[in-house]
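**Q** Quick one, what's the 3D model for this:
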Amino acid sequence: MQSKRLKLAWLYILLALGAIVALVLLSGRPPIPSVPTQVVTRANISNAISTNGKVEPVTPYEMRALVQTHVTKIRATEGQFVKKGQPLVDLDEGQLRADISHAREQLVNNQENLRIAKSGGPATQLAQLDSDIRKTEIERTRLQSVVTATEKLVAQQAATQQELIVERANLARTESERDRLIASRADFVRQTNLDADRQALLVSQSQETLDDLQQKMNSTHIIAPADGTLYSLPVHVNDPVKEGDLLAAVADLKNVRVRAFVDEPELGELVPGQNVGITWDALPGRTWTGHTSQIPRQVVPHGTRTVGELLCPINNDDQRLIPNTNVNVRIELAVRANVLIVPRGAILFEGTQHRSVFVVESGTPDSILHKREVNVGISDSTRYEVLGGLKEGDVVAILGNIQPKDGMKVRVEKPE
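**A** Alright, predicted model coming up:
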């Protein structure tokens, strides 16, 4: 009896030791990881650039003040449709009327001075010079005769040598006065020609001044330059305005464009004709469509970014998009229909060329991972197009934080 109990005790001890050894061995084995999976399916996918932009009219007409004055009347309402020639804003023109009157007087005076200069200068002064020259010519001829006669008398000893010297001196003085008068007349004519040129310039300047003032006068009555929507009217009655201030802006808002700001690294993917989708936070759920038009040829600073400004014409028939609003822009670079896709989280990137996935082979209770190289095409924010290496219905592991290996056992979560 005692021997039998001893055998049972040893049996229990051996069983306990076996259990302990099994627990030790099991505790050293790494746990089998659990991984999410997804079935390879077909779907449409597009590669796109997402950025921001600003709405602007294609052909805006901005009316700005040409003179410092103030607003006297507002004849339209911001947001209304206006016809070409319709009055919009009136400005005070009192000072301009006075300036135009003075400019006209100045122009008339300069025109009269030009007429006088072209006719040879003041007639009385020129006539006096011509008269004085004729008198000296007559006196010179007379004195030449006196000198000749005196020379003969001296030869006949009927006159003295001193008398001849006196007559010759009188002739020399007369000839000198004649030369002086001729030179004075030439200077007068030359100066008159210079005055004519100067007066012609003054006439031209006076006319330009008058034309400029008349243009400014016309600008005090702001009218619509074309049919369209008065989308900006920033002034009110009695507001002071200075030269260059915006008074009104008109455009056809059925055809607008978006100036999209594309970051420099993405500019190489842009070509004309790519589809563009526009959304505006103020109207959630609404999308406007267009296409890329003018591709950027330079980059410019935009806040903390360096961007190219891409122009995209947009159809805005209902005129809900408002100029100068900030919008969201999606530019479709490529579109693929009914292609195999896998989630980004399933792709293992190895170097610059190799892409792999881990296909799940179902088992009980565990499944096995099999590494498979794949070719991928375009991508969006969550998926890749598969060009080769997988077929529809394959189940791939979403890698997450695990370090997968070929042949690794896993417990799979239900495919999505």
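**Q** Could you chop this protein up by domain?
**A** Per automatic domain parsing, the structural domains of the chain span 49-61+251-336, 63-89+223-250, 93-219.
**Q** And the helices in the stretch 151-300 of the chain, which stretches?
**A** Taking DSSP state H, counting those that start in this stretch as the criterion, the stretch 151-300 of the chain carries its helices at 161-218.
**Q** Now render the domains of the chain as JSON lines, adding mean neighbour count, mean pLDDT and distance to Glu350.
**A** Where C-beta positions appear, they are placed from N, C-alpha and C, glycine not excepted. Formatted as JSON lines, the domains of the chain follow (neighbours: other CB atoms under 10 Å; pLDDT from 0 to 100; distance: least, CB to CB, whole Å):
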{"stretch": "domain 49-61+251-336", "mean neighbour count": "16", "mean pLDDT": "92", "distance to Glu350": "23"}
{"stretch": "domain 63-89+223-250", "mean neighbour count": "16", "mean pLDDT": "94", "distance to Glu350": "55"}
{"stretch": "domain 93-219", "mean neighbour count": "14", "mean pLDDT": "81", "distance to Glu350": "69"}
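**Q** In contact with the residue positioned nearest the centre of the chain, which residues are there?
**A** Taking CA atoms, centre = their mean, the centroid of the chain lies closest to Glu309, which sits 8.5 Å from it. If you count contacts by CB atoms under 8 Å, 6 or more residues apart in numbering, Glu309 has them with Arg259, Ala260, Phe261, Val262, Pro296, Val300.
**Q** do that again at 7 Å, thanks
**A** If you count contacts by CB atoms under 7 Å, 6 or more residues apart in numbering, Glu309 has them with Arg259, Phe261, Pro296, Val300.
**Q** so the third one makes contact with Val307?
**A** Spelled out, it's Pro296. No - using CB atoms under 7 Å, Pro296 is not in contact with Val307; the gap is 8.0 Å.
**Q** between those two, what contacts are shared?
**A** Residues within reach of Pro296 and of Val307 at once, by CB under 7 Å, 6+ apart, are Val262.
**Q** what ranges do the strands span in the stretch 251-400 of the chain?
**A** Per DSSP state E, counting those that start in this stretch, the stretch 251-400 of the chain carries strands over the ranges 255-263, 275-279, 287-291, 300-302, 305-315, 326-343, 348-350, 354-361, 367-379, 383-388, 395-397.
**Q** Switch those strands over to CSV; also include distance to Arg198.
**A** Converted to CSV, those look like this (distance: least, CB to CB, whole Å):
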stretch, distance to Arg198
strand 255-263, 52
strand 275-279, 62
strand 287-291, 60
strand 300-302, 49
strand 305-315, 51
strand 326-343, 58
strand 348-350, 82
strand 354-361, 84
strand 367-379, 75
strand 383-388, 80
strand 395-397, 92
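**Q** what kind of secondary structure is Ala76 in?
**A** At Ala76 the chain is in coil, as set by DSSP: H, G, I helix; E, B strand; the rest coil.
**Q** I figured it hits Leu230, correct?
**A** Yes - the pair formed by Ala76 and Leu230 meets the contact definition of CB under 7 Å, at 5.5 Å.
**Q** Common neighbours of the two, please.
**A** By CB under 7 Å, 6+ apart, the residues touching both Ala76 and Leu230 are Val82, Leu88.
**Q** What's the end-to-end length of stretch 333-353?
**A** Using CA to CA, to the nearest Å, one end of stretch 333-353 lies 22 Å from the other.
**Q** Centre of the chain to that stretch, how far?
**A** 38 Å (CA atoms, centre = their mean, to the nearest Å).
**Q** re earlier: what's the spacing between the residue nearest to the centre of the chain and Thr292?
**A** Distance from Glu309 to Thr292, counting by CB to CB, to the nearest Å: 12 Å.
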